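Chemist: everything below, folded, please.
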Amino acid sequence: MRNAWFLLVLALLASGRPQILLAQSPAAADSSSAAAADSTRSGNLLSRVGESAELGSSVPDSVLAQMQQEAPSFAWISNVSNTLTGKVGATVSDVSLEGKLSNGAQLFGGGTSASSFTIADRRYRQQERDAYRRDFTTAYDRPLGDLLKMNLNFSNKYDEDITVFGVDNVTARESEDYRGALAFRGGGELTKGFGHAFSLSGDVFDHDGVNRETTEKRTDASGGVTSLWTFDRGDLSVEGRFGYKRASGNNELRGLEANSNSRQDTLATKVEYEGHRFNFSTDVQRAVYIEDRLDFRRNTNGVIDTVGAERPVSNEQERRRGDRINGALSYRVLPVLNVRGVGSYDLTETRWTLNEQGLLRRGNDEIDLGLDFRYAEAGSLTVSYTVGNRWDDRRFQGNTSFRGRETRRTEEAKFEMSQRLFSQSDLTLSFGQRLQQNLFEEEGNNRDRDELIDRADARIVSRAIPNLQLNASGSISVTRLVNLASESTSNNKEDRLFSVIGGYRWFATDKITLEQNYRMQIIFIDFHTSDSRDRFNKQGQVVSKLGYQLPRNAKLNAEYALDFRSNGTRQADVTPGQISFRTDLRRFTHRVRADINIPISIFDLAVDSEREFLRDKNTAGVTTRSEDSGDIRMKLSGTKKLFTGKLDVSVNVTRVLAYGPRVRAESERYWIANSTITMKF
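Modeler: Numbers count the residues shown, from 1 in each chain. You can find the predicted model right below:
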């Protein structure tokens, strides 16, 4: 059956090759040119109203314009192009095959068509699982007059996913969707500065699926309209948009049938002003969505929970409303001083008649204020302050009162300075403080806590020495966690992090490059109520790289990395006033890596070998552990165009051979592939 589908669609798509010619008068040709020019002028409005209406797949305007320019004006069918693509993919977990046939054509009267058919199969290596997918889409676009476009599209999608556990345990998921849509888009400039665009759309959808022996079917028809009004005066633009969509049909879930319908409408407005020194923008939107459908019973977390339910499936009505307000402004006080601000407010409310969540409210508002000051040609200063408030509240089914808000409040202030020190050296300094408060109003929920973070960073980058790049940075941060409930104060703690990072890159000759990078950090964790839980963690890393350019564009790279980690706990004070720590674990990891890249004709052959030696010493239990692991990767990649670009071959294949105590059997030898063959005819 799968092969029959492929052969049928292949024949249909390829049959568009013949051209039937019909003479056209010069007047008709002039009319087509005028229509194309006028269509270009109104293209922005049409594309924007199309996006608002979510009409589905269509031929992109850029492709449509190109096909119209290239097509002879006297052809019924012209510029027919067919593309056949085959893909082979592989990873450590799966192997996949995919074939795709796409077709495009220019039709008489300015219409264009585009179709594609895809078959894909994915088989998993670590389990007995097979996933199969089939997609078919076709779209037809045609201008109707000067300011109107028609789009007709159809799609079919089939998915099958089968997993076998043991002998009798089989999990299967299968679904097939059909969708057909028709849309009209029109509009243009009414008077100078004023414009209007609209869209009318309708579609039919059919879904038939089985998931773990649970049937789900849905069939509905829908229609929608979108109206967009615009005013543009150069520095000031105003936009208003209204959208409405309604759907109605049948719904079947686990043998139970019922009618289903939905309605959604959107009202939005947007204002933008761009002046010489002052910029301002704001947009406001309200969206309402109502849907009646069959659904499973869900618990207070929104998760399907049918255990012990007398009726696991029943009628559900979901009502969702969302309000959003965004605003931004900036004002250049002086040529070197700019102030700015951004604000947003979001509120959503969702109600269910079946879902145990009942009524869910969520809010999110944020204000971001900033100042940019260029105090010198080579120096600038930025100051910002942000405050945010995110919350949610619920009223479960059967309750008359809300649970209580769960709120996360944040405040953050940041200072950053950038300064050019010398001709090729830059310094960046920053300091910031961030406070996050987690508040729970629910009775009995004692998880209120505050977290305060102070952080300072410094970074310098220098290219003052020819052929040498230097960088160094350091940071200090202090994180204080305070639990407000008395039963949780034992977890109050303070983390202190110290970090230093540096490195250089030296272009020794035209063929030799040397690079080294360093990183060192230590974290002290201090619990306020218990010294015995205090601990530390140290990390350090040195990475050295050598690059050498071989003849004929071949490249050789070598790398050595040393990674050091240790942690420990605080000991009882031996001497009053003196703090000592005991090292519990030391780990050294040595990694050696080398790779060579050799061009061979149109391909690149890369061989990469890596070996890692790990040594652990647990001083608390006086135990040691040693591991030796590594892998070899052989990669072949390249692209070749044949027959004057009609055939493209792209090869990207890697063979991996791995070994080590933590390497599973299926990961010892495997392929990584992402190769394609594309044929145009």
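
Chemist: now the closest residue to T306 other than its chain neighbours: how far from E291?
Modeler: Spatial nearest neighbour of T306, excluding adjacent residues (Cβ to Cβ, 6 or more residues apart in numbering): P312 at 3.5 Å. Glycine gets a C-beta too; all of them are placed from N, C-alpha and C. Here P312 is placed at a distance of 20 Å from E291 (Cβ to Cβ, to the nearest Å).

Chemist: and what of V238?
Modeler: As judged by Cβ to Cβ, V238 and E291 stand 32 Å apart.

Chemist: for A181, same thing?
Modeler: To E291, A181 is 19 Å away according to Cβ to Cβ.

Chemist: out of the two, which sits in the busier spot?
Modeler: More neighbours surround A181 than the other of A181 and E291, with 20 against 16 (other Cβ atoms under 10 Å).

Chemist: please report how far that one lies from Q264.
Modeler: Taking Cβ to Cβ, one finds A181 at 16 Å from Q264.

Chemist: and if you look at R286?
Modeler: 11 Å.

Chemist: swap in S486?
Modeler: Between S486 and Q264 the computed distance is 48 Å (Cβ to Cβ).

Chemist: name the residue in these two with the higher neighbour count.
Modeler: Using other Cβ under 10 Å as the criterion, S486 and Q264 rank with Q264 on top: 17 against 8.

Chemist: just to check, that one is in contact with A287?
Modeler: Yes. Using Cβ atoms under 8 Å, Q264 is in contact with A287, at 7.0 Å.

Chemist: show me what contacts A554?
Modeler: Going by Cβ atoms under 8 Å, 6 or more residues apart in numbering, A554 touches 596-599.

Chemist: shaky segments in this structure?
Modeler: Residue ranges of the chain with pLDDT under 70: 1-75, 167-168, 573-578, 620-622.

Chemist: how about the helices in it?
Modeler: Applying DSSP state H to the chain gives helices spanning 2-14, 26-41, 43-53, 61-70.

Chemist: how much space separates the closest residue in space to N251 that isn't next to it in sequence from H207?
Modeler: Excluding its sequence neighbours, the residue lying closest to N251 (Cβ to Cβ, 6+ apart) is S260, at 3.8 Å. From S260 across to H207, the span is 11 Å (Cβ to Cβ).

Chemist: could you do S401 as well?
Modeler: S401 is 39 Å from H207, where distance means Cβ to Cβ.

Chemist: give me the more crowded residue out of these two.
Modeler: A count of neighbours by other Cβ under 10 Å puts H207 above the other of S401 and H207, at 18 against 7.

Chemist: so how many other residues sit close to the residue nearest to the more buried one when sequence neighbours are not counted?
Modeler: Among residues not flanking H207 along the chain, R218 sits closest, at 4.4 Å (Cβ to Cβ, 6+ apart). For R218, the neighbour count with other Cβ under 10 Å is 18.

Chemist: isn't A172 up against T214?
Modeler: No. The pair A172 / T214 is not scored as a contact, 10.7 Å apart, by Cβ under 8 Å.

Chemist: for the nearest residue to S477 once chain neighbours are set aside, which residues make a bridge with it?
Modeler: Leaving aside its sequence neighbours, S477 sits nearest to R455 (Cβ to Cβ, 6+ apart; 4.1 Å). In this entry, R455 is beta-bridged to G432, S477, by DSSP bridges.

Chemist: CA atoms only: put stretch 99-117 into PDB for me.
Modeler: Output in PDB follows, covering the C-alpha atoms of stretch 99-117 (Å, rounded to 0.1, in the frame of the first residue of the first chain):
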ATOM      1  CA  GLY A  99      12.000  10.400   0.000                       C
ATOM      2  CA  LYS A 100      10.400  13.500  -1.300                       C
ATOM      3  CA  LEU A 101       9.000  14.500  -4.600                       C
ATOM      4  CA  SER A 102       8.000  18.200  -5.100                       C
ATOM      5  CA  ASN A 103       6.500  19.900  -8.200                       C
ATOM      6  CA  GLY A 104       5.900  23.500  -9.200                       C
ATOM      7  CA  ALA A 105       4.300  25.000 -12.300                       C
ATOM      8  CA  GLN A 106       3.000  28.300 -13.800                       C
ATOM      9  CA  LEU A 107      -0.600  28.000 -15.000                       C
ATOM     10  CA  PHE A 108      -2.500  30.100 -17.500                       C
ATOM     11  CA  GLY A 109      -4.000  33.300 -16.100                       C
ATOM     12  CA  GLY A 110      -1.200  34.000 -13.600                       C
ATOM     13  CA  GLY A 111      -1.900  31.000 -11.400                       C
ATOM     14  CA  THR A 112       0.800  28.900  -9.800                       C
ATOM     15  CA  SER A 113       0.800  25.500  -8.200                       C
ATOM     16  CA  ALA A 114       3.100  23.700  -5.900                       C
ATOM     17  CA  SER A 115       2.900  20.100  -4.600                       C
ATOM     18  CA  SER A 116       5.000  17.800  -2.500                       C
ATOM     19  CA  PHE A 117       4.900  14.100  -1.400                       C
END
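
Chemist: what comes up buried for that stretch?
Modeler: Neighbour counts over stretch 99-117 (16 or more other Cβ atoms under 10 Å) mark 99-108, 110-117 as buried.

Chemist: repeat that for stretch 215-225.
Modeler: For stretch 215-225, the neighbour count (16+ other Cβ under 10 Å) marks 217-220, 222, 224-225 as buried.

Chemist: distance check, V656 against L614.
Modeler: For V656, the distance to L614 equals 20 Å [Cβ to Cβ].

Chemist: which residues are in contact with stretch 367-387?
Modeler: Contacts to stretch 367-387, defined as Cβ under 8 Å, 6+ apart, come from residues 336-343, 366, 388, 409-420.

Chemist: name the nearest residue to V95, ignoring sequence neighbours.
Modeler: In space, V95 comes closest to R123 once its chain neighbours are excluded; the distance is 5.4 Å by Cβ to Cβ, 6+ apart.

Chemist: check whether the one you found really touches D130, as I assumed.
Modeler: Yes. The criterion here is Cβ under 8 Å, and R123 meets it with D130 at 5.3 Å.

Chemist: so for those two, which residues contact both of them?
Modeler: Residues touching both R123 and D130 by Cβ under 8 Å, 6+ apart: none at all.

Chemist: show me what contacts T306?
Modeler: Contacts of T306 (Cβ under 8 Å, 6+ apart): 296-297, 312-313.

Chemist: which two among the residues you listed are spaced furthest apart?
Modeler: Checking these against each other with Cβ to Cβ, the farthest-apart pair comes out as R297 and V313, at 7.6 Å.

Chemist: before we move on, back to that, bridge partners for the residue nearest to N251, pull those for me.
Modeler: Counting by DSSP bridges, S260 is bridged to G249.

Chemist: wait, it sits on E216?
Modeler: No. Using Cβ under 8 Å, S260 is not in contact with E216, being 11.7 Å away.

Chemist: L562 and K680: what is the separation?
Modeler: 52 Å.

Chemist: oops, could you answer that again for I672 instead?
Modeler: Applying Cβ to Cβ to I672 and K680 gives a distance of 28 Å.
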